[in-house]
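K.L.:
Okay, predicted coordinates and the sequence, questions at the end:
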Amino acid sequence: MKIDNANMEELKRNTVFFLSLIVLCVVLSQTVMAGTDATFDAWVDQLTDWIEGSLGKGVSIAFVIIGIIMGIAQQTLKAVAIGVGCALGLNFTPTVISAMFTATLL
């Protein structure tokens, strides 16, 4: 591939762009503190209590019952599996999300 002036200018422009992105990331990395903000802690605690409490259990049971009813209506087990999957997802989501956001690097 022959490099002419137009290709060389584009290469220079791309190089400057990516280098400026790297410098920007390094400079701003000092100000980014993910996970240290407590603005929504009360809201997150309330939603977690609801999902892990009686509301979450009630919604999970409703998912399974609706899945069974839809499974009978459609004469297939797919709807039951979806209902059970939604119930399991609802019950395990707070634990998974908490584990994701409190993970630390060794």
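P.N.:
On my side now, so go ahead.
K.L.:
Measure how buried the closest residue to residue 82 other than its chain neighbours is and give me the count.
P.N.:
Leaving out its chain neighbours, the residue that sits closest to residue 82 by CB to CB, 6 or more residues apart in numbering is residue 67, at 5.8 Å. In short, each C-beta sits where N, CA and C put it, glycine included. Counted with other CB atoms under 10 Å, residues neighbouring residue 67 total 21.
K.L.:
buried set for the helix or strand that contains residue 67?
P.N.:
Using DSSP states H and E, residue 67 sits within helix 54-74. If you call a residue buried by 16 or more other CB atoms under 10 Å, then helix 54-74 has these buried ones: 56, 59, 60, 63, 64, 67, 71.
K.L.:
by contact count, what packs against it?
P.N.:
Under the contact definition 3 or more CB pairs under 8 Å, 6 or more residues apart in numbering; DSSP states H and E, helix 54-74 sits against helix 78-101.
K.L.:
Show me what the helix it packs on packs onto, helices and strands only.
P.N.:
With contacts taken as 3+ CB pairs under 8 Å, 6+ apart, helix 78-101 sits against helix 41-52, helix 54-74.
K.L.:
ok, residues contacting the shortest one?
P.N.:
Translated: helix 41-52. Applying CB atoms under 8 Å, 6 or more residues apart in numbering, the contact partners of helix 41-52 are 56, 90, 91, 93, 94, 98.
K.L.:
now the last one
P.N.:
Helix 54-74 is contacted from outside by 50, 77-84, 86-87, 90-91, using CB under 8 Å, 6+ apart.
K.L.:
For those, which ChimeraX command selects only the ones that are buried?
P.N.:
Selecting only the buried entries of the contacts of helix 54-74 in ChimeraX, with 16+ other CB under 10 Å as the criterion:
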select :79,80,83,84,86,87,90
